[in-house]
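J.: structure of the sequence below:
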Amino acid sequence: MKYKLFTDGGARGNPGPAGIGAILFDDNDKLLWLESQYIGEATNNEAEYKAIILGLTYFKKFFGSKKITLNCYLDSELVVKQLNSEYKIKHPNLKMFYNEIQNLIKDMEVSFEHIYREKNSFADKLVNISLDAHGNS
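T.: Residues are numbered from 1 along each chain as shown. As a prediction, this is how the structure comes out:
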């Protein structure tokens, strides 16, 4: 079975107050889990990475190290290209997050795909919910 993880992260200001959201669906588009978090001060790219880490951490806890396919969808083309090793990562924080992701996925079959923001609106809403809940409108 294949699973789909949609993630988004964003900051109001760059850096600024930041939030993340992650949503997991099965192959039949049944919602399995969702979460949003306020993460404090971060850049947009840091928030994008932290959102992926949130989703992958949950997925790994839920499914363990089973050989299951997970397709990850993000609206940050930069982060997708970095995760797919098409772009180098220069920022130390992003390198640290990249390494954490590599450790999370080492026993998994994972793909990272860029999608347009309109197709990631649910994850985007979770980001805004987390920011609004902390008075960052």
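J.: so, low pLDDT: which residues of this structure?
T.: Applying pLDDT under 70 to the chain flags the ranges 65, 137.
J.: who does the strand or helix carrying residue 23 touch, helix- and strand-wise?
T.: Per DSSP states H and E, residue 23 falls inside strand 16-26. Under the contact criterion of 3 or more Cβ pairs under 8 Å, 6 or more residues apart in numbering; DSSP states H and E, strand 16-26 touches strand 2-11, strand 31-42, helix 44-63, helix 121-133. (Each C-beta comes from the backbone N, C-alpha and C, glycine too.)
J.: what's the most buried one of these?
T.: strand 2-11 (a mean of 24; mean count of other Cβ atoms under 10 Å).
J.: quick one, that one and strand 16-26 angle?
T.: Per axes from the mean of the first three to the mean of the last three Cα atoms, to 10 degrees, the angle that strand 2-11 makes with strand 16-26 is 170 degrees.
J.: quick one: strands adjacent to strand 2-11?
T.: strand 16-26 (antiparallel), strand 69-74 (parallel) (DSSP bridges).
J.: pull out the buried residues from the first one.
T.: Going by neighbour count (16 or more other Cβ atoms under 10 Å), the buried part of strand 16-26 is 16-25.
J.: quick one: contacts for the residue nearest to the spatial centre of the chain?
T.: Nearest residue to the geometric centre of the chain (Cα atoms, centre = their mean): residue 52, 2.5 Å. Contacts for residue 52 (Cβ atoms under 8 Å, 6 or more residues apart in numbering) come out as 5, 7, 22, 72, 74, 79, 83, 97, 101, 112.
J.: any chance of those in TSV, plus distance to residue 58?
T.: TSV is the format used below for those (distance: Cβ to Cβ, whole Å):
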residue	distance to residue 58
5	9
7	11
22	7
72	12
74	16
79	18
83	18
97	16
101	13
112	17
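J.: and which of those residues is nearest to residue 35?
T.: For those, the closest approach to residue 35 (Cβ to Cβ) belongs to residue 22, at 5.7 Å.
J.: find the nearest non-adjacent residue to residue 4, please.
T.: Excluding its sequence neighbours, the residue lying closest to residue 4 (Cβ to Cβ, 6 or more residues apart in numbering) is residue 25, at 4.6 Å.
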